[in-house]
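Q: requesting a structural model of the entry that follows:
(2 chains)
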2 protein chains.
Amino acid sequence: MSSKYVIGVDYGTLSGRALLVRVSDGAEIASAVHEYTHAVIEDALPATGKKLPPDWALQIPSDYIDVLKKTVPEVLEYSGINPADVIGIASDFTACTVLPVTADGTPLNELTKFRDNPHAYIKLWKHHSAQPHADRINELAHSRKEKWITRYGGKISSEWEFAKALQVLEESPDVYHEMRYWIEAADWIIWKLCGNYVRNVCTAGYKGIYQDGTYPSREYLEALNPQFSGFVTEKLEHTLGELGSSAGMLTKEAAGWTGLPEGIAVAVGNVDAHVTAAAANAVNPGQMVAIMGTSTCHVMVSDVLAEVRGMCGVVPGGIVSGMLGYEAGQSGVGDIFGWFANNYSSADYQNQAKEAGIDIHTYLSNLALKSPVGAHGLVALDWQSGNRSTLVDHQLSGLIVGLTLATKPEEIYRAIVESTAYGARKIVETFNQSGVPVKEFIAAGGLIKNKFVMQIYADVLNMPITVIKSAQGPALGSAIHAAVAAGAYKNIVEASAAMGGVEDRKFTPIAANVKVYDELFEHYNKLYERFGHDEMMHDLRSIRDAALLNGSK
Amino acid sequence: MSSKYVIGVDYGTLSGRALLVRVSDGAEIASAVHEYTHAVIEDALPATGKKLPPDWALQIPSDYIDVLKKTVPEVLEYSGINPADVIGIASDFTACTVLPVTADGTPLNELTKFRDNPHAYIKLWKHHSAQPHADRINELAHSRKEKWITRYGGKISSEWEFAKALQVLEESPDVYHEMRYWIEAADWIIWKLCGNYVRNVCTAGYKGIYQDGTYPSREYLEALNPQFSGFVTEKLEHTLGELGSSAGMLTKEAAGWTGLPEGIAVAVGNVDAHVTAAAANAVNPGQMVAIMGTSTCHVMVSDVLAEVRGMCGVVPGGIVSGMLGYEAGQSGVGDIFGWFANNYSSADYQNQAKEAGIDIHTYLSNLALKSPVGAHGLVALDWQSGNRSTLVDHQLSGLIVGLTLATKPEEIYRAIVESTAYGARKIVETFNQSGVPVKEFIAAGGLIKNKFVMQIYADVLNMPITVIKSAQGPALGSAIHAAVAAGAYKNIVEASAAMGGVEDRKFTPIAANVKVYDELFEHYNKLYERFGHDEMMHDLRSIRDAALLNGSK
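A: Down below sits the predicted model:
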């Protein structure tokens, strides 16, 4: 095993990364990144220039294939290993990122007749314009007392398979009727690698409403829209695959793209957050792994089935086979920091950061640290990108209160970082109150490098925070799944113990800060309950949309 | 009269301005400005470096004398007129700006023993740390059912004479006991000019709780604090003078400072906002004059006595002798625009503005105008500097709701401008609902040059806005009062008609915008009532103050 290797490929929002890992101990031998040529398509279709409405976010399937073609040969070359020593490949994806394909897996946007139709493209996880469809899905589920709705904290997200599909049906029936499969990108890329379409139980459960061996009923779907009654049977359901199992063997074509040996194991698809638990070796009940980046996903396994308000879902085997997997999330975290730091830092600040040779985030953090906790007198709601957990409402928006003429940018910056920590605390408290206690908080993702952010989280949560050892958690997590699919380990728990882990250092709560944050969190919580349940933010969104439509000046 | 002149001196927050005006027609012959050497003292005493707590704002009396010494000789020189043709001088001041003086008018900060005592200095109108004292004044007044409290919209402001004096007594009894008079700067400067201390009825009424011929009773004051029982009789009350009447003759010393003839008329002191009604010739019932600058004052005469929630006061003769004068205000307007534009505009924006040769306000406004009204989806509360009317609470703070990752600085800038327009609308509606209808809205002050702001106000208020002709309204208003004090006109109404006026152009509401603003104002109003009456903003202020005190990091 010490001379065998696996490859994990992590598909993020803007780029894909391949990581070559030693099977025996998880040593990371080489990695390579490729940025998607078309990035996130939010304004107009690159092929035709067609304008998109607000809250749309699309991607192009060929960008994903390019990642395989570019990065895998690169890691093979960098590492200098013999490609014949690679025994498996696995990948993880953003989710729910979903696309319409033909029976042979051809994405509909690649058909000439649909080039100019936005609905033929991949709907990225953060495509947020299916909210009206999600609202109807939820309303009907509650009025019909559908059993599955409570497994999703009472709300199906506009980001998921059903809401996005219903939007396609109602806004572009031609695309809807043409597609054979409505498929997760996570599964599509595996199909491309091994030639088999296998639905992974993770996205099927979390994003596809697969619960207790079945999907929402034909009657339910028909009540939603008579044209939608066959959605499950005609477009969605397909062979399921357990996480860490093999979906098939690498095809000759994919071997050609990658330089890997034809016929090696290709693991069933998976999701970036969910594979990270393995990379952190945090696969026991009560270990919450937070993958903190532009957004945050929280995953935790448990042996207790409970209903947790606003969680994204509970799925058997959804993180580790044989255990219940819980998922929750915050739809905006690092991207809120970036939004503020990049757009609202004055020339003075930007110049001083440049002179000091530090980035604007570090500059703002350093300034913020000069004042004690609470001295800004601010509380913010972290909903600039909506709220995933616990409210599951992407029409919510950000708020800040406590502004004075003396309020400085570094104070707002800190308040925004804190607001996301309060959001995390709200999720942790909701799990605790629901009988699924969070005993450890393990951080992964890009933000773990930011000590300012991590200490605020420790203080706000009043929990020590341990940090994943790998800087490439999802890719390592995928590699671990590849190792299991290739038969090198018996299961994910065993493979994680050998290949994953956390750092020795911890971020420890500072008592004086905890006390102040307890007070501030009370106010966050009041704002949360108040604005999360009245109509103001929805009305402001409607006014905005009507204004953009009418164009009154 | 066509060869006679008067001088108006306008004391603002940061500078003083003299204006030489022709008596016959109000022609503005020459003006000069002098910036106060010590500006606003908010951090530390310049004499000793002693640090000030938050929410303090002080000034130095000698800065005001310097204005006379610099600007009056300048306007005489620029104009080339014969100084002997100047028949009177008058001044107006920010209010309530108030200081402790000895029996001969010496400011206590000029006594060596008090140099290091912040309470010996002038408390500028925007000194906001006497809120706890104002709270007690209000609570006691309501519990004792003091008749005068309703004349002030139910609340005495922390900015006014009683709250600031009570703060002096309780925080620095030595200063309190040493002072003979607690005097408005408006009256102190007149004393310096003519050698007589005359309390003008305007500040006595609006800021000094002089109502129905009397001040708050000894019993009331004793209940506030036994040491405070003699405040009115020992420190405050003094001969009163009507607006536009003469306080005395220019002294030899002041003639030496100014180059004006000894013995000319010196008008009774007055307030910047209140004299502006005369400058706009808007001295009839229902004509609301809004003096829009860093903050906004609203003044209006009426023949009806009514109780208007949160107005600053109703005072007989407080604007024009013989009529009831109403005052209301917004404690932050232009300074909120400045706070945002100066601190939160990115380097890109600042560079582009510089390249285009426009200031950052114009740059942001131009960008904002590219989108229709309401397209930002934002509503803000304009309380960054507290709320004067209708809530009279300087511990309130600013709020913004509706933020998304797509929100741009020009959108927040516009939302902030709009929030102040909503604040103005709230005041107008409160007057309308209280039986003192606002029939015309006349704008004065520095912001009238800003067409972007003025159009938003017209659209939000759904009223045409006329604009004062003079670019130096308060100074012209003072000059009009000087002319009356010198006997050139029978009264202010007559003098205003001859010397004041508005421009021909109007800002007219645009129907499509009015409709959207009606919707947005509903949300402003909800936030207003919600955050104006719960404890969150007060609690955040307390957390802030405790953090600054404890210094927990």
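
Q: rest of the way, CA atoms for contacts and neighbours
A: Noted.

Q: residues in contact with stretch A:304-317?
A: Stretch A:304-317 is contacted from outside by A:150-157, A:201-202, A:205-206, A:211, A:242-243, A:322-329, A:388-392, A:430-431, A:434-436, using CA atoms under 8 Å, 6 or more residues apart in numbering or on different chains.

Q: list buried residues within the residues you listed.
A: Neighbour counting by 16 or more other CA atoms under 10 Å in any protein chain shown classes A:150-157, A:201-202, A:205-206, A:211, A:242-243, A:323-329, A:388-392, A:430-431, A:436 among those as buried.

Q: mind checking which of these are in strands?
A: Counting by DSSP state E, the buried ones among the contacts of stretch A:304-317 place A:L324, A:G325, A:Y326, A:E327, A:A328, A:G329 in strands.

Q: filter these by proximity to chain B?
A: When CA under 8 Å from any CA of the partner chain is applied, no member of these is adjacent to chain B.

Q: among the buried ones among the contacts of stretch A:304-317, which are in helices?
A: A:V201, A:C202, A:G205, A:Y206, A:T430, A:F431 (DSSP state H).

Q: now the third one: closest residue in space that isn't a chain neighbour?
A: Right, the one you point to is A:G205. Spatial nearest neighbour of A:G205, chain neighbours left out: A:V315 (5.5 Å); criterion: CA to CA, 6 or more residues apart in numbering or on different chains.

Q: may I ask you to confirm that that neighbour belongs to a strand?
A: Yes - counting by DSSP: H, G, I helix; E, B strand; the rest coil, A:V315 is part of a strand.

Q: that one: how many residues sit nearby?
A: When neighbours are defined as other CA atoms under 10 Å in any protein chain shown, A:V315 has 27 of them.

Q: and A:T214, by the same measure?
A: A:T214 - counted by other CA under 10 Å - has 12 other residues nearby.

Q: do the same with A:A165
A: Using other CA under 10 Å: A:A165 sits among 25 other residues.

Q: please work out the average pLDDT along the helix or strand hosting it.
A: Using DSSP states H and E, A:A165 maps to helix A:161-171. Per-residue pLDDT values over helix A:161-171 give a mean of 98.

Q: so what's the residue nearest the centre of chain A up against?
A: Chain A has A:T94 as the residue nearest its centroid, 5.0 Å off, counting by CA atoms, centre = their mean. When contacts are counted by CA under 8 Å, 6+ apart, A:T94 touches A:Y11, A:G12, A:T13, A:L124, A:W125, A:A186, A:V271, A:D272.

Q: what of A:V401?
A: Neighbours of A:V401 in contact, by CA under 8 Å, 6+ apart: A:L378, A:V379, A:A380, B:S397, B:G398, B:L399, B:I400, B:M537.

Q: isn't the last one right up against B:Y528?
A: If I follow you right, that is B:M537. No - judged on CA atoms under 8 Å, B:M537 makes no contact with B:Y528 at a distance of 11.8 Å.

Q: when those two are compared, which one has more neighbours?
A: With neighbours defined as other CA under 10 Å, B:M537 and B:Y528 compare such that B:M537 has more, 24 against 21.

Q: how much space between that one and chain A?
A: To chain A, B:M537 is 6 Å away according to CA to the nearest CA, to the nearest Å.

Q: please identify the helix or strand for the closest residue to that residue other than its chain neighbours.
A: For B:M537, the nearest residue in space outside its immediate sequence neighbours is B:L396; the separation is 5.5 Å by CA to CA, 6+ apart. In the assignment (DSSP H and E), B:L396 maps to no helix and no strand.

Q: number of nearby residues for B:L396?
A: Neighbours around B:L396, by other CA under 10 Å: 30.

Q: cool, and A:W56?
A: 19.

Q: and it, helix, strand or coil?
A: coil.

Q: my read: it touches A:I122, true?
A: No - counting by CA under 8 Å, A:W56 does not reach A:I122; the two are 10.7 Å apart.

Q: can you give me phi and psi for A:K354?
A: Note on A:K354: backbone dihedrals following degrees, to the nearest 10 are phi -60, psi -50.

Q: what separates it from A:T362, distance-wise?
A: 11 Å (CA to CA, to the nearest Å).

Q: same check on A:A498?
A: 35 Å.

Q: wait, which of the ones in strands among the buried ones among the contacts of stretch A:304-317 is closest to A:F507?
A: Nearest to A:F507, judged by CA to CA, of those is A:G329 at 21.3 Å.

Q: ok, now which ones touch the closest one?
A: Taking CA under 8 Å, 6+ apart as the test, what A:G329 contacts is A:S295, A:T296, A:C297, A:H298, A:M311, A:C312, A:R388, A:S389.

Q: likewise for A:G501?
A: A:A279, A:A280, A:N281, A:A282, A:I468, A:K469, A:S470 are the contacts of A:G501 under CA under 8 Å, 6+ apart.

Q: can you show me the strands along the stretch 351-500 of chain A?
A: A:379-381, A:398-403, A:440-444, A:465-468 (DSSP state E, counting those that start in this stretch).

Q: the stretch 151-300 of chain A too?
A: Along the stretch 151-300 of chain A, the stretches classed as strands by DSSP E, counting those that start in this stretch are A:181-184, A:199-200, A:240-241, A:246-249, A:265-267, A:270-271, A:287-292, A:296-302.
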